[in-house]
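Chemist: How does the following fold in three dimensions:
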Amino acid sequence: MRCLIHKLVLVLCLSICFGFLTIADTEKPQKRPTYWQTAILWSDKTPVDGRCFTRTVLADHLDEPMELVVADDQRVFFIDRYGAFRVYSPDHNHVRKLNQLPVMTDRGLGLLGLALAPDFTRSKHIYLYYTPRSQPLRQRLSRFTLGDSLLYQTEKVLLEIPWEVENNAHTGGSMAFDEDGNLFLSVGDNTAAFVEDGYASIDERVGRTIYDAQRTAANSRDLRGKILRIHPTADGTYTIPAGNLVAAADGRPEIYIMGCRNPYRITYDAAAKRLFWGDIGPDDGKDDHHGPRGYDEINMATRAGNYGWPYVVADNQPYRAYDFTEDRFGALFNPDQLRNYSVNNTGLHQLPPAEPALIWYPYAVSDPFPLLGEGGRAAMVGAVYHASSSGKKGAVPVYYDGALFAFDWMRNQLTAIWLTPQGSYRRMEPFMAGTVFNKPVDLAFSPDGALYVLEYGSGFWHKNADARLVRIDYNLNAGSTASGKPLLALTGIKGQRLINQSDCRSCHTDNQRMAAPSFYEIAHRYQHQRGLKDKLVEKVIRGGGGVWGTHTMSAHPQLDPAEATEMVDYILSLGDEGE
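Modeler: Residues are numbered from 1 along each chain as shown. The predicted structure is shown next:
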């Protein structure tokens, strides 16, 4: 009782001293999230500084890593596109290659998806989604049994999907199980990307079928451009769970979600019974008479549905019908009354109404979701964190309990996203802000609360030295920073968030020199030089150069002096590290 009273007094005092405000949750995204709206003073809810984490490289020089999964015994299984199947054993701190699956690797195809059976500890069953070296070309979902290696002779082929090779495969290929043993599989729309200037893929002309996503994503008799849901059985076949989107009489009953473009990574949160996926959108950067610019999406579903591609994008922004032969525009598509009359459609004409995305963002800064930044985009999701093991050494803190960890393959960043109990967007914040993840391609949490991240590496479609498996550990007690300061007293958290929302990290990181010096270098150079703080603040606002070489820092006239001071305070606080 005495401890509780002391804690309440401490909270009251800190609230008065620092002026913390409690901000009510909102069902609607905010254009400018309040920096301290997530600050709750109880120790398990204190904002966590990125410097409290360590990042350990477990394997590198991987050959286009794709997907990973952590078993109940803490082993990490992961695959690469060229067919390697590997395992990392924490007990021995060792990575071992178990097999090399023979796969066809043209145009993004190969070994794409991995999942462990819910009863893996007993059955040793592993599910792989891959492109076999055979004709006609197809994608295959198979179950294998794991011994000392992957036993080829145990393969049970559950499903094969005919595939057309074209200039951008849009393969999908991610897998996840739910609490009932149902298996979700994402499949891309297998449609050429660069069509109609980067807008909707609806070209119905003869000889242009690979430019028409109506034949796949909007076709109830085609498995492409979908997320499938099946129930694998003991004999290596499957049944159809109740509640899927399409009846057998109307198309493929395996379909759970339709209207996807390239759902490259999916995850399922059994605690909330929610399916999440990132969908990589079309390319155009501006709105015009065709319809909206391109958006990437992060989606969530608790039931079967249609997510609208190629007729709508983002929060159901419609494209305009277009006759390529006559070069004539028609009406905007109606998200509530979608009809597929394409000559390439073999399924239903009347489609289910479109569901809007949970989160969406273009190349430019998103007004509803500015923390996602700007630049190239490839939206993906990793896993929802549940902090049951948060007391263990290295476990991600309970602060992130219930957060969806999403990431962008192009922007090299991880983001924690919280939803309301009803499943609406609540808030987000960067995870390990300032850390550059080299094209993150998948992530998962271990049973003991560690975070594993697969990084694809710098170059596209080839083996990279920085393609690696890394483990993220929380390396301090909750409530302190790497320098031992209490988090509640940490200077610069607001400044860190201002930096993350600006263009600063295009040239700077916390600890690695890029086009400009790292923030650590700047902090150590100026930390003990009194009187320079005002000059640094002025330089942030006005820009300048010459101190660190020929590189010039751009001006930031949109910042007021108080905001620039917060940013400088954060940078200078990094000089405390290592003292």
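
Chemist: how about stretch 321-336: buried residues?
Modeler: Counting neighbours by 16 or more other C-beta atoms under 10 Å, one finds that the buried residues in stretch 321-336 are 321-322, 333, 335. C-betas here are computed from N, CA, C, even on glycine.

Chemist: any chance of the residues you listed in TSV, with distance to residue 283, pLDDT and secondary structure too?
Modeler: Formatted as TSV, those follow (distance: C-beta to C-beta, whole Å; pLDDT from 0 to 100; DSSP: H, G, I helix; E, B strand; the rest coil):
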residue	distance to residue 283	pLDDT	secondary structure
321	20	95	strand
322	16	92	strand
333	19	97	coil
335	21	98	coil
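
Chemist: domain assignment for this protein?
Modeler: 67-163, 491-579 (automatic domain parsing).

Chemist: Mind checking these for the one nearest to residue 296?
Modeler: Nearest to residue 296, of all those, is domain 67-163, at 17.3 Å by C-beta to C-beta.

Chemist: could I get the buried residues of stretch 321-336 as JSON lines with distance to residue 450?
Modeler: Compiled in JSON lines, the buried residues of stretch 321-336 are given as follows (distance: C-beta to C-beta, whole Å):
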{"residue": "321", "distance to residue 450": "50"}
{"residue": "322", "distance to residue 450": "50"}
{"residue": "333", "distance to residue 450": "45"}
{"residue": "335", "distance to residue 450": "41"}
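
Chemist: Going along the chain, name the helices of the stretch 351-500 of the chain.
Modeler: Assigned by DSSP state H, counting those that start in this stretch, the helices in the stretch 351-500 of the chain fall at 493-501.

Chemist: got any ranges where it has weak pLDDT?
Modeler: In the predicted model of the stretch 351-500 of the chain, residues 389-391, 476-493, 497, 500 satisfy pLDDT under 70.

Chemist: Kindly recompute the last result at 80.
Modeler: 388-392, 434, 461, 475-500 (pLDDT under 80).

Chemist: swap in the chain?
Modeler: Short version for the chain, where the test is pLDDT under 80: 1-51, 166-169, 193-198, 388-392, 434, 461, 475-516, 527-531, 544-559, 574-579.

Chemist: buried residues in the longest strand belonging to it?
Modeler: Identified as the longest strand of the chain according to DSSP state E is strand 150-162. For strand 150-162, the neighbour count (16+ other C-beta under 10 Å) marks 150, 154, 156, 158-159, 161 as buried.

Chemist: now do stretch 294-303
Modeler: 294-301.

Chemist: Using TSV, please lay out these together with distance to residue 91 and secondary structure.
Modeler: Shown next, in TSV, are the buried residues of stretch 294-303 (distance: C-beta to C-beta, whole Å; DSSP: H, G, I helix; E, B strand; the rest coil):
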residue	distance to residue 91	secondary structure
294	46	coil
295	44	coil
296	39	strand
297	39	strand
298	35	strand
299	37	strand
300	36	strand
301	37	strand
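
Chemist: Can you tell me which of the residues you listed is nearest residue 397?
Modeler: residue 298 (22.8 Å).

Chemist: For the spatially closest residue to residue 217 that is not a sequence neighbour, give me its contacts.
Modeler: Spatial nearest neighbour of residue 217, chain neighbours left out: residue 225 (2.7 Å); criterion: C-beta to C-beta, 6 or more residues apart in numbering. Applying C-beta atoms under 8 Å, 6 or more residues apart in numbering, we find residue 225 in contact with 170, 187-191, 213, 216-219, 258-261, 309.

Chemist: Check the gap between residue 225 and residue 373 for me.
Modeler: Note on residue 225: its distance to residue 373, by C-beta to C-beta, to the nearest Å, is 28 Å.

Chemist: Residue 142 now?
Modeler: Taking C-beta to C-beta, one finds residue 142 at 38 Å from residue 373.

Chemist: Quick check: phi and psi at residue 66.
Modeler: For residue 66, the backbone dihedrals (degrees, to the nearest 10) come out as phi -120, psi -60.

Chemist: Surely it touches residue 112?
Modeler: Yes: between residue 66 and residue 112 there is a contact at 5.6 Å, judged by C-beta atoms under 8 Å.

Chemist: what is in contact with these two at once?
Modeler: 79, 81, 173.

Chemist: Now for the nearest residue to the last one once chain neighbours are set aside: which residues touch it?
Modeler: Put plainly, it is residue 173. Distances taken as C-beta to C-beta, 6+ apart put residue 112 closest to residue 173, at 2.9 Å, once the chain neighbours are dropped. By C-beta under 8 Å, 6+ apart, the contact list for residue 112 reads 66-67, 79, 81, 129-131, 139, 171-174.

Chemist: Residue 112 sits in which helix or strand?
Modeler: Per DSSP states H and E, residue 112 falls inside strand 111-116.

Chemist: Which strand or helix spans residue 562?
Modeler: Using DSSP H and E, residue 562 falls in helix 561-573.

Chemist: re earlier: not counting its own residues, what contacts the longest strand of the chain?
Modeler: Outside strand 150-162, the residues touching it (C-beta under 8 Å, 6+ apart) are 85, 98-99, 101, 126-127, 136-145, 185, 187, 223-224, 228, 230, 232, 235-238, 254.

Chemist: that older thread, which of residue 142 and residue 373 has more residues huddled nearby?
Modeler: Between residue 142 and residue 373, residue 373 has the larger neighbour count (other C-beta atoms under 10 Å), namely 23 against 19.

Chemist: What segments of the stretch 151-300 of the chain are strands?
Modeler: 172-177, 183-187, 226-232, 238-239, 255-258, 263-269, 274-279, 296-301 (DSSP state E, counting those that start in this stretch).

Chemist: picking that back up, quick check: neighbours of the strand holding residue 112 in the sheet, parallel or antiparallel?
Modeler: strand 125-130 (antiparallel) (DSSP bridges).

Chemist: quick one: the partner strand to strand 150-162, angle?
Modeler: Strand 125-130 runs at 50 degrees relative to strand 150-162, counting by axes from the mean of the first three to the mean of the last three C-alpha atoms, to 10 degrees.

Chemist: ok so residue 331 is a helix residue?
Modeler: No: counting by DSSP: H, G, I helix; E, B strand; the rest coil, residue 331 falls outside a helix, being strand.

Chemist: any idea how far it lies from residue 559?
Modeler: Counting by C-beta to C-beta, the gap from residue 331 to residue 559 is 44 Å.

Chemist: Repeat that for residue 281.
Modeler: Look at residue 281 and residue 559: by C-beta to C-beta, they are 31 Å apart.

Chemist: neighbour-wise, which of these two wins?
Modeler: For residue 281 versus residue 559, neighbours defined as other C-beta under 10 Å are more numerous around residue 281 (25 against 17).

Chemist: Surely the more buried one is in contact with residue 310?
Modeler: No: taking C-beta under 8 Å as the definition, residue 281 is not a contact partner of residue 310, at 10.4 Å.

Chemist: any shared contact partners between these two?
Modeler: residue 261.

Chemist: Look up how far residue 297 lies from residue 361.
Modeler: 8 Å.

Chemist: Could you pull out the residues contacting both of these two?
Modeler: Joint contacts of residue 361 and residue 297 (C-beta under 8 Å, 6+ apart) are residue 379.

Chemist: For residue 464, which non-adjacent residue is spatially closest?
Modeler: Nearest non-adjacent residue to residue 464 (C-beta to C-beta, 6+ apart): residue 457, at 2.6 Å.

Chemist: who touches the one you found in this structure?
Modeler: 62, 64, 438-439, 463-468.

Chemist: if we go to 7 Å?
Modeler: Contacts for residue 457 (C-beta atoms under 7 Å, 6 or more residues apart in numbering) come out as 438-439, 464, 466-467.

Chemist: Going by residue numbers, what spans are strands in the stretch 451-579 of the chain?
Modeler: Using DSSP E, counting those that start in this stretch, strands in the stretch 451-579 of the chain cover 451-455, 468-474, 544-545, 552-553.

Chemist: Quickly compare those and say which is most buried.
Modeler: Sort the strands of the stretch 451-579 of the chain by mean neighbour count, taking mean count of other C-beta atoms under 10 Å, and strand 451-455 sits at the top with a mean of 25.

Chemist: What lies in contact with that strand?
Modeler: Contacts of strand 451-455 (C-beta under 7 Å, 6+ apart): 65, 68, 70, 76, 78, 396, 437-446, 466-472.
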